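Student: I would like the atomic coordinates for the input below:
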Amino acid sequence: MSTTKLLKARRLSRLLFLFLLLTVGLWLTTAVPASNAAVNTQFIRHSVDDNVNWLFEDIQLGDMDGDDDLDIVAAGVSACLAWWENAPGNTGYWEKHIVTCDSSSYAVLPADLDGDDDIDILASLDLDDDIVWFENLDGTATAWTKHHIFGHEFDRDILLAADLDGDNDLDIVAGLTYNDEIAWWENLFGDAGSWRKHVVALGPDFPNALAAADIDGDGDLDLLSGIARDDDIAWWENSDGGGLSWQMHLVDGAFDDPYTVGAADIDSDGALDIYGAARTGDQITWWRNINGNGQLWEGHVVAEMYDQARDMLAVDIDADSDADLVSISFGLNQVTVWENVNGTGLLWNAVLLDNSFLDPSAIIAGDMDGDNDIDVAAVAFNETGFGDNIAWWEQRTSSFVVNSTGDGADAQTGDGLCDDGSGHCTLRAALMEANAYEGIDPITFSIPGSGPHTIRPQAPLPAITEGVIIDGYTQPGAQPNSNPAPQGLNTQLMIVLDGSQAGDSFAFTFGLNTLTIDGLVIRGLAIHSFGQGAIGALYEEMYHVINAHFAGNFIGTNGAGTTAQGGGNSIQLAGGPILKNITIGGPTPEDRNLINGEVGIYSRYADMIQVQGNLIGTDVSGQYVLGNGGGVYVQDACQVLIGGLEIGEGNVISGNRTHGIELAGNDGCTIVRGNLIGLAADGQTPLGNDGSGIYAGEHASVQIDGNRIAFNQGNGLTVVQSNYRNYTYLPNSIFNNGGLGIDLNNDGVTPNDLLDSDLGPNGLQNYPVLESVIHTADSVNISGVLHSKPYQYYDLVFFTNKQCDASGYGEGEAFAKELWVITDGNGNASFTAVFPQQAERPFVTATASLNSVYDGTSEFSNCRADPLYLVTLLRGKVQQLINDGELALSAGTRLLAKLDNVETALLVGHENTAVLRLQDFIASVRNLMNRRQLPHELGQPLIDTAWAIIHQINLP
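Tutor: Numbering: from 1, shown residues only. Coordinates of the predicted model:
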């Protein structure tokens, strides 16, 4: 029964499914999965059930129906306890079966509690029953009887099943979280009919993680715990081997909010070590069992700043006989594997399986498709409605290997051999074979010679009808990019697809059917000169694509990414199909694409499409324009994310011949976040876009925040949607655009109106009127008034700028302050705002947004500055020219004297006199420039500043 002792534990329960994991040769004395990091295999995401939005807390695997494959069991808050049947033949189809919907469940655990050789379910329910087990009556998991084990006032118990007393049946262990207690229930007769409670410990403050393992190597099971409020990792020695006497041993007393604990031989020395995830501490750590008996421990950090680390497991996913780790980050929406590179636990290689699985809460692993490798499954506590709440990631370990640049068709499609009849495997033949088989088939490359190698199809390539991984980075000599966004790329590509002889086609298109392509990856290729584009299909074609990733490609350029190569739209996802969980690029350096050609998303059935980390419109350096047809175009599609605020998620969208981003269609709901739009990769060099930075048409809901939008020939943001008020522009940096910073209706500055009653984009929301700006030694004081609808709350956002827009309104270069106001019965709200001095940006603007989820943001207000402060800045510029030797002391002194006169006039309220003195200053500077006593490039900024001061003085 030693395998029973390997029953794994984790937060809200974990079980090492002996009968399942033995089938894939798992040897770890702990939980399940681990990682497949540096291994050259792929993990492909699949939806398990996209029709449930339950708030899951736990997921487990077990052969619930006795058909020799792994099924999924999951439960959570506001969710039923259910299991998903793995369809016969491991075809990837899952059928949901409800066990109970009577109560929420915080922990679920498949285990043969009654010893009848089928799998029952142990669960921690909410206040109704607490700890119960459901008997699998006939072994098919279609009929269940609930048995009560223990009830108490509070819930959220942590469960595992283990043979603590060594009598060859499964007992139950629980961390009674709100009772501050660890206890176990003895299975008295092995049939789960009678239970006797034994207390392990009273007083651990909020036990939050639990596991069972033979830590001291004496042949019986001990317990491990994570204590949330004490920040303790500890193990409890089973002193008598029968579970009646326990001794606590502290491992770490400063592990901030442990959420998961487990045991595995991390350093390959034959002794069980301990690993844990700290939720508040954002850390993954393991502790070395130095002498093998659990008395001395040495901590080793695997990862820090892993935001809200939750569940974690240890397993040998890459089959190299050491313990890897697989984990989830609730805060980063990530599923990550950590490869134990040399088996010592001292060097870890992190590989991101997924960064768009929103709010993951629990993880498990096992061979779910029966191909003798380890896959991963996870659930999410996700309330947004975006994405799936239950999914699995398939590990793929076999492939068709392209070894020729030829274009021959497969000689015998469906025989499992990629062969064009001459012994060569072409890309065309590999696609034909991949289409002939269900499931996801990798296509790799090993073409002889130094490369780069160019493949020139003589006709359209076969449409993709099944999941496939096309990986150009497998070609010897290819190297993914290692520079984080938004830097330029150092990608080395060795496979080029030249479509100049393929006719009017996409390089990779989708089959004309209503079947679903689940799991599509195209990476590491340079694709150019296809008549319709690199990846996609025409609008009228019907296809469904879910769980796709297009990463690390050069699209519409040569193989070096230095020159444009023609070919229509770069990526076009169009028509009436289902498009779900599709990522173009990604936050990690190796995922970033170079795209010269429009990224088009046209579908009312889109769900969770992300465009992240790409260079769109520039060359490989990100500093120069290549000039394509358009940047990113979204029509009708909902749940589209362009960019992001986390490191690496933002795109560079610059140098495009139309708008940087265009949003159209009535059904769209899009987030545009954290991008450089109109700037080079350095965030400074102007590249612009030929139209607006962002042009929003009839698009139902848009949130635009955290972007830098500058140097575009049109407006920064243009909104032309009629009568909609749900364009929200949280602070962006918008400056130096050819038109307005924000233009509602694309008709220039929209005047404020009485009671804000006009109709149009964002309701033509009135902007604040800034009446006064006063600079003190260390602060800026603004006063003004907002006139809009009566008795409403408004969010005012203030910005500082190096200069005013030529219109006198906007733009908004740097966020300064946010202020909420409420209008009175006349629609007026006076305000004052104070924020720290920003010497390099003396001009102030503001926007207003009505406090409603359906309402949006105004254009920028009038641009104001303190004339006295501007004079002070101008004096500083003149003095700097003198100090630098660019302006003679005598000439400079005369200019400073003129500015003294300006300052004096302003102090006594003689504004007309101040204007005359400034005009005199301007004439003197021009005279110096004409006499070549002051270079034009140094004198003109002085003149511009003087005119800006005159403009501010003349404002009402």
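Student: domains of the chain?
Tutor: Per the record, the chain has its domains at 4-396, 451-714, 722-865, 867-954, by automatic domain parsing.
Student: let's see the distance spanning the shortest one from one end to the other.
Tutor: Right, domain 867-954. 10 Å (Cα to Cα, to the nearest Å).
Student: re the thing from before, reformat the domains of the chain as CSV; add mean pLDDT, mean neighbour count and distance to residue 406.
Tutor: C-beta coordinates here come from the backbone N, C-alpha and C atoms, glycine included. Listed next are the domains of the chain as CSV, based on pLDDT from 0 to 100; neighbours: other Cβ atoms under 10 Å; distance: least, Cβ to Cβ, whole Å:
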stretch, mean pLDDT, mean neighbour count, distance to residue 406
domain 4-396, 85, 21, 25
domain 451-714, 91, 23, 8
domain 722-865, 91, 19, 50
domain 867-954, 96, 16, 59
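Student: redo those domains as JSON lines? Include distance to residue 431.
Tutor: Formatted as JSON lines, the domains of the chain follow (distance: least, Cβ to Cβ, whole Å):
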{"stretch": "domain 4-396", "distance to residue 431": "16"}
{"stretch": "domain 451-714", "distance to residue 431": "5"}
{"stretch": "domain 722-865", "distance to residue 431": "42"}
{"stretch": "domain 867-954", "distance to residue 431": "58"}
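Student: out of those domains, nearest to residue 445?
Tutor: domain 451-714 (3.9 Å; Cβ to Cβ).
Student: and that closest one, how far out from the chain's middle?
Tutor: 17 Å (Cα atoms, centre = their mean, to the nearest Å).
Student: now swap in stretch 394-410 and tell me
Tutor: Using Cα atoms, centre = their mean, the offset of stretch 394-410 from its chain centre is 31 Å.
Student: circling back: for the domains of the chain, which one sits closest to residue 420?
Tutor: It's domain 451-714; of the domains of the chain, that one is closest to residue 420 (Cβ to Cβ) at 12.7 Å.
Student: find the residue closest to residue 579 in space, skipping its chain neighbours.
Tutor: Leaving aside its chain neighbours, residue 579 sits nearest to residue 606 (4.5 Å; criterion: Cβ to Cβ, 6 or more residues apart in numbering).
Student: can I assume the one you found is in contact with residue 635?
Tutor: No - if you go by Cβ atoms under 8 Å, residue 606 and residue 635 don't touch, sitting 9.9 Å apart.
Student: now the common contact residues for those two.
Tutor: Applying Cβ atoms under 8 Å, 6 or more residues apart in numbering, one finds that no residue jointly contacts residue 606 and residue 635.
Student: quick one: residue 890 is in a helix?
Tutor: Yes - using DSSP: H, G, I helix; E, B strand; the rest coil, the assignment for residue 890 is a helix.
Student: how far away is the nearest residue to residue 122 once chain neighbours are set aside from residue 173?
Tutor: The shortest distance from residue 122 to any non-neighbouring residue, by Cβ to Cβ, 6+ apart, is to residue 109 (4.2 Å). Noted for residue 109: a distance of 10 Å to residue 173, by Cβ to Cβ, to the nearest Å.
Student: repeat for residue 347
Tutor: From residue 347 to residue 173 the distance is 34 Å (Cβ to Cβ).
Student: residue boundaries of the strands in the stretch 251-400 of the chain?
Tutor: 258-264, 273-278, 283-289, 297-303, 309-315, 324-329, 334-340, 348-354, 360-366, 375-380, 390-396, 400-402 (DSSP state E, counting those that start in this stretch).
Student: got it, and the stretch 551-700 of the chain?
Tutor: 554-555, 569-574, 579-585, 594-595, 599-602, 606-612, 615-616, 632-635, 638-643, 652-653, 661-664, 669-673, 676-677, 694-696.
Student: contacts for the first one?
Tutor: Counting contacts by Cβ under 8 Å, 6+ apart, the residues outside strand 554-555 that touch it are 491, 493, 525-528, 534-535, 561, 570-571, 593-597, 620.
Student: that older thread, among the domains of the chain, which comes closest to residue 413?
Tutor: domain 451-714 (9.5 Å).
Student: kindly check the end-to-end length of that closest one for me.
Tutor: 43 Å.
Student: pretty sure residue 877 sits in a strand.
Tutor: No - judged by three-state DSSP, residue 877 forms no part of a strand; its state is helix.
Student: ok, it touching residue 942?
Tutor: Yes - here residue 877 reaches residue 942: they are 6.1 Å apart, a contact under Cβ under 8 Å.
Student: separation between residue 637 and residue 664?
Tutor: In terms of Cβ to Cβ, residue 637 sits 10 Å off from residue 664.
Student: do residue 290 as well
Tutor: When residue 290 is compared with residue 664 (using Cβ to Cβ), they lie 64 Å apart.
Student: can you tell me the element the closest residue to residue 795 other than its chain neighbours falls in?
Tutor: Distance criterion Cβ to Cβ, 6+ apart; nearest residue to residue 795, sequence neighbours excluded, is residue 849 at 4.6 Å. Assigned by DSSP states H and E, residue 849 belongs to strand 843-850.
Student: ok, now residue 894?
Tutor: Going by DSSP H and E, residue 894 is part of helix 889-907.
Student: now do residue 470
Tutor: Using DSSP H and E, residue 470 sits in strand 468-471.
Student: parallel or antiparallel, which strands does that strand pair with?
Tutor: strand 441-445 (parallel), strand 516-523 (parallel) (DSSP bridges).
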